[in-house]
Each structure stands twice: as structure tokens, then as C-alpha cells.
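Novice: coords please:
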Amino acid sequence: MGGAIFSSGGPLTIADTTFSTNTASVEGGAVASGPGTLTITHSSFSGNHSGNGGGIINFGTARLDNSAVTDNTANTGGGIYNGTSSTLTLRHSAVTENTATSGNGSGIFNLGAVTLINSTVSQNNPTTNQCDGC
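Specialist: Next comes the predicted model:
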């Protein structure tokens, strides 16, 4: 878990950091966090890969400010996977051009609560056609 960082239980603060081409076999291509608080500011996540949460997987409370999650890949939650009962807030951030190979949650896969404030979620790509007879 957590190709670059795995944080369980404590607060994790990330600022002015680039996460690129990290890989985790199961969860959190770059960062796996929770339970606990994850705060990310002025950072970028690109080209990361994982089973769930290509860029980030959150099982607590996460906030991204002025950050970008771009071109990450996972089976589910290509950019961000927000787990059950977890809270995710994006403020002035972008989630773009991520891929979910299962077709579920290319940008953000959410099982908890998500709040978007002046943020962009666009051009994310599910790669499985899940529409029978379309």
C-alpha cells in the first residue's frame, strides 16, 4: 500500500511535492492514508498506478488545495479512491485524464462524502464498456 507513502492513524501533511510514476500493487499508487487526516497543498500526482486509487486512496479525512491529480491509472478510482465513511474535499484542484481499467470512478471513486470547491474533474477515462446494448 502506498507506492510512495503509507500513513495509518496519524496526520499527514504534504506541501509543494510532486509524486510521479509510483506503483502500489493493491492501494494508493502514490499515497495511501487512513484512518487519520491527510492535507495536501500545491502538489501534483501524475503517472502513478495501483489496484485501487491510482494517485491517492483515502480512508479518513482528506483535503487537497491547489493540487492536481492527472494521468494516474487503477482498476477502480483512477485518480482518487475515497473509502467508506471517508471525507474528501477538493479546493482549487483538478482531477483530469485519469483511467479506471474496471470502468469505475476514473477520476474519483467515492464511497464516502466528497465536496468540490472551485475544482475541475474532467477528461477521465473508463476503459471498460459497462453499457450492455448501448
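
Novice: What residues are bridge-paired with the residue nearest the centre of the chain?
Specialist: When the chain is reduced to its mean C-alpha position, the nearest residue by C-alpha atoms, centre = their mean turns out to be residue 80, at 1.8 Å. According to DSSP bridges, the partner residues bridging residue 80 are residue 56, residue 108.

Novice: That one contacts residue 50, correct?
Specialist: No - distance between residue 80 and residue 50: 11.0 Å, which falls outside the contact criterion (C-beta atoms under 8 Å). To be clear about C-beta, it is placed using only N, CA and C from the backbone, and glycine gets the same treatment.

Novice: Identify the contacts common to these two.
Specialist: Applying C-beta atoms under 8 Å, 6 or more residues apart in numbering, one finds that residue 80 and residue 50 are jointly contacted by residue 57.

Novice: before we move on, the earlier item: who's in contact with the residue nearest to the centre of the chain?
Specialist: Under the criterion of C-beta under 8 Å, 6+ apart, the contact list for residue 80 reads 53, 55, 56, 57, 58, 69, 88, 95, 107, 108, 109.

Novice: switch to 10 Å and redo it
Specialist: Neighbour list for residue 80: 28, 31, 45, 53-58, 62, 64, 69, 72, 74, 88, 90, 93, 95, 98, 105, 107-110, 114, 121 [criterion: C-beta atoms under 10 Å, 6 or more residues apart in numbering].

Novice: same check, this time on residue 74
Specialist: With contacts defined as C-beta under 10 Å, 6+ apart, the neighbours of residue 74 are 24, 27-29, 48-55, 57, 80-81, 98-102, 104-106, 109.
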